[in-house]
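Asker: give the three-dimensional model of this entry:
(2 chains)
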Amino acid sequence: MEKADVIEKINHTFIENFEIEPERLTKDSKLFEDLELDSLDAVDMIVHMEQDLGIKVDIQKFSTVRTLDDVYQMAYELYSEKNLQ
Amino acid sequence: MTKIFISGLGNISSLGNSPDILFENLEKDRRFFKYYPEWKKFKGLKALVGAPCFPYDISKALHRKMRRSMSPMSEMAYLATLQALDQAGICLGENKPNSHPFKADPHRTLLVIGNTAGSPLFLDSFFRQMIEKEGPEGQLSTSFLKVMNHTIPTNISLALGFSGPLLSPSSACSTSSQAIILASELMKSGLYDMAVVGGADELHPHVVSIFDIVQATSSNYNETPEDIPGPFDQKRDGIVVSEGAGIVILETEKHLNKRKGTPLAEFSSGIYRCSGNHMTQPKASDMADTMAKALELANISPSDIDYINAHGTGTHKGDHEESDAISQTFKGENTSVSSLKGHFGHSLAACGAIEVISIIQMMKKNKIIGTRNLKNPPKNSGDINYLKDQEVKSIDYALSNNFAFGGMNTSMVIKGV
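Answerer: Numbering: from 1, shown residues only, chains lettered A, B, ... in the order given. Predicted coordinates for the structure are as follows:
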């Protein structure tokens, strides 16, 4: 899976599960301020990422992400690490 | 003595999603029972009939953060609550769309809404995933919020921005009648001025199975649900499980008068009690005691009751015992009796409130709705006037019964205004 595919899967979660309009999904969108996610959403976002990408996301590490681009980056790194192993 | 009035009604049901549509379909003697051939995949399940509620769409009415913790029972109860608050002209919290000039005081207002056992839909998916994945992997954070016992009132408080006291009584089929009675008692104690009360439950094959296991479901007319005999009919063969939500607004007389609200009916009295006899077998003497106590609390005699809305689920034993209990309590009165479960099925935790709503609609229209598909009333029916058809009659006092597993017996007296 290329990075674009990872991004597509993450965006799909934001659109389908968090009902965020596609035009609001820009790289510098802040998860909590701009996209209005909260702590429950963060937990569910991790579940979706793990299910969709077959990765394991550490919640402490996820709590450091701020923007959508941070999520893409973290997801792609974890996905790449897993598939290199 | 503090008088309690009912000033708002709301329902989602298999006969319609407002009190007026519900009553219109009762008047037209309709039922919308549905055959579910897909339930054949559940090994051993005999009943393949249910009564789903009318369709509704909540997706545009509430923000995702309000909906994500709601199962259908909370959605139905939320919509019914909005209807009831709108009719009463009361704003419960700060959130739209519930906006009326009169704001309920959260320190003096109760929110009391129950259900039977949490959302069966999400209990099913939670445990199915737990078993299939051998652990909680993949479970969303909101799963528990849909199955916890107080899921309905907490979801409504969040959606409406209500910050007052909240309770979620649970006693299966007597849940909403118990909620109404409990709230009225707390109001009479002087602690509260008003209450938003009721119950809701979802139709799901798991729920049907619970009644199926104890041989209490209708299963002889699966492919022709229109023919299922009505409650009290000699050929009755059991419960048709339904779903829905019933919500009523209770107010003290003082509160209602102060805000110049309009009473729809008076809640004269109610009592809930357990029998201490048997978990599933009802007993006429316990039911009769409960009815007699409700009359005593209302300070009226059996002859004052114009109509009895029976629990009448359509089971052999339950209807038989309730008939005996009515005969004992109303000896010589020939009181009109009907059950509405032949029309809308048995909506479990919602039925008590939906039946109170139906009674108040009957009072408004001076028309008693008979039991649907009651062709042959029980032999030796004593002094009971089992209504098969509609009866034009003004109702000053009505008695409403609801009974439940666990030996729960409830009776309420509603007075017309």
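Asker: tell me which residue in chain B sits closest to chain A.
Answerer: Proximity of chain B to chain A (CB to the nearest CB) peaks at residue B:141, 4.2 Å away. Every residue, glycine included, has its C-beta placed from N, CA and C.
Asker: could you find the closest non-adjacent residue to that residue?
Answerer: If the residues on either side of it in the chain are set aside, residue B:141 comes closest to residue A:43, at 4.2 Å by CB to CB, 6 or more residues apart in numbering or on different chains.
Asker: run a quick neighbour tally on the one you found.
Answerer: 15 (other CB atoms under 10 Å in any protein chain shown).
Asker: before we move on, what SS does it have?
Answerer: Assigned with DSSP: H, G, I helix; E, B strand; the rest coil, residue A:43 falls in the helix class.
Asker: mind checking how far it is from residue B:73?
Answerer: Residue A:43 sits 23 Å away from residue B:73, going by CB to CB, to the nearest Å.
Asker: contacting residues around residue A:80?
Answerer: By CB atoms under 8 Å, 6 or more residues apart in numbering or on different chains, no residues touch residue A:80.
Asker: work out for me the element the residue of chain B closest to chain A sits within.
Answerer: Taking DSSP states H and E as the definition, one finds residue B:141 inside no helix or strand.
Asker: isn't it up against residue A:38?
Answerer: No: look at residue B:141 against residue A:38 with CB atoms under 8 Å: they stay out of range, at 10.2 Å.
Asker: the two: which is more packed in?
Answerer: Each of residue B:141 and residue A:38 has its neighbours counted (other CB under 10 Å); residue B:141 has more, 17 against 10.
Asker: what does the pLDDT read for the more buried one?
Answerer: For residue B:141, the model assigns a pLDDT of 92.
Asker: with only the CA atoms kept, save the helix or strand containing residue B:75 in PDB.
Answerer: For residue B:75, the host element (DSSP H and E) is helix B:72-88. Only the C-alpha atoms of helix B:72-88 are listed here, as PDB (Å, rounded to 0.1, in the frame of the first residue of the first chain):
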ATOM      1  CA  PRO B  72     -32.300   3.000  18.400                       C
ATOM      2  CA  MET B  73     -34.000   3.000  21.800                       C
ATOM      3  CA  SER B  74     -32.400   6.300  22.700                       C
ATOM      4  CA  GLU B  75     -33.100   7.700  19.300                       C
ATOM      5  CA  MET B  76     -36.800   6.800  19.600                       C
ATOM      6  CA  ALA B  77     -37.000   8.100  23.100                       C
ATOM      7  CA  TYR B  78     -35.300  11.400  22.100                       C
ATOM      8  CA  LEU B  79     -37.800  12.000  19.300                       C
ATOM      9  CA  ALA B  80     -40.700  11.100  21.600                       C
ATOM     10  CA  THR B  81     -39.300  13.500  24.300                       C
ATOM     11  CA  LEU B  82     -39.200  16.300  21.800                       C
ATOM     12  CA  GLN B  83     -42.800  15.700  20.900                       C
ATOM     13  CA  ALA B  84     -43.900  15.700  24.500                       C
ATOM     14  CA  LEU B  85     -41.900  18.800  25.400                       C
ATOM     15  CA  ASP B  86     -43.200  20.600  22.300                       C
ATOM     16  CA  GLN B  87     -46.800  19.800  23.300                       C
ATOM     17  CA  ALA B  88     -46.200  21.000  26.800                       C
END
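Asker: quick one: is it near chain A?
Answerer: No: interface with chain A: helix B:72-88 contributes nothing (CB under 8 Å from any CB of the partner chain), its closest point being 15.7 Å away.
Asker: and stretch B:409-417, what's buried?
Answerer: By neighbour count with 16 or more other CB atoms under 10 Å in any protein chain shown, stretch B:409-417 contains the buried residues B:409, B:410, B:411, B:412, B:413, B:414, B:415, B:416.
Asker: quick one: the nearest residue to residue B:81 once chain neighbours are set aside and residue A:4, what's the gap?
Answerer: Nearest residue to residue B:81, sequence neighbours excluded (CB to CB, 6+ apart): residue B:247, at 4.9 Å. Here residue B:247 is placed at a distance of 49 Å from residue A:4 (CB to CB).
Asker: nearest to chain B: which residue in chain A?
Answerer: In chain A, the residue that lies nearest chain B is residue A:43 (4.2 Å; CB to the nearest CB).
Asker: what about stretch B:135-145, start to end distance?
Answerer: End-to-end distance of stretch B:135-145 (CA to CA, to the nearest Å): 18 Å.
Asker: which residues are in contact with it?
Answerer: With CB under 8 Å, 6+ apart as the test, stretch B:135-145 has contacts from A:40, A:43-44, A:47, A:50-51, B:68-69, B:122, B:125-126, B:129-130, B:151, B:154-155.
Asker: which of those count as buried?
Answerer: Neighbour-count burial within the contacts of stretch B:135-145 applies to A:44, A:47, A:50, B:68, B:69, B:122, B:125, B:126, B:129, B:151, B:154, B:155; the criterion is 16+ other CB under 10 Å.
Asker: count the neighbours of the nearest residue to the fourth one once chain neighbours are set aside for me.
Answerer: This points to residue B:68. In space, and not counting its chain neighbours, residue B:68 is closest to residue B:142: 5.1 Å by CB to CB, 6+ apart. Counted by other CB under 10 Å, the residues lying close to residue B:142 total 17.
Asker: for residue B:142, grab phi and psi.
Answerer: Backbone torsions for residue B:142, taken as degrees, to the nearest 10, come to phi -90, psi 0.
Asker: if I look at the residue of chain A closest to chain B, how far off is residue B:143?
Answerer: Residue A:43 sits 11 Å away from residue B:143, taking CB to CB as the criterion.
Asker: same thing with residue A:41?
Answerer: From residue A:41 to residue B:143 the distance is 14 Å (CB to CB).
Asker: got it, and residue B:4?
Answerer: According to CB to CB, residue B:4 stands 37 Å off from residue B:143.
Asker: which one's more surrounded, these two?
Answerer: Taking neighbours as other CB under 10 Å, residue B:4 and residue B:143 compare with residue B:4 leading, 26 against 19.
Asker: residue B:332 and residue B:382 touch, don't they?
Answerer: No: Residue B:332 lies out of contact with residue B:382 (CB under 8 Å); the separation is 9.4 Å.
Asker: more neighbours: these two, which one.
Answerer: Legend: neighbour count by other CB under 10 Å for residue B:332 and residue B:382, higher for residue B:382 (14 against 10).
Asker: and residue A:42, how many neighbours?
Answerer: The number of residues packed near residue A:42 is 16, by other CB under 10 Å.
Asker: list the contacts of it.
Answerer: A:31, A:59, A:62, A:63.
Asker: is residue B:376 located within a strand, as I assumed?
Answerer: No: per three-state DSSP, residue B:376 lies outside any strand segment and is coil.
Asker: quick one, what contacts the nearest residue to it once chain neighbours are set aside?
Answerer: Nearest non-adjacent residue to residue B:376, counting by CB to CB, 6+ apart: residue B:234, 4.4 Å away. Taking CB under 8 Å, 6+ apart, we find residue B:234 in contact with B:376, B:377, B:378, B:379.
Asker: and the residue nearest to residue B:141, what does it touch?
Answerer: Neighbour list for residue A:43: A:59, B:140, B:141 [criterion: CB under 8 Å, 6+ apart].
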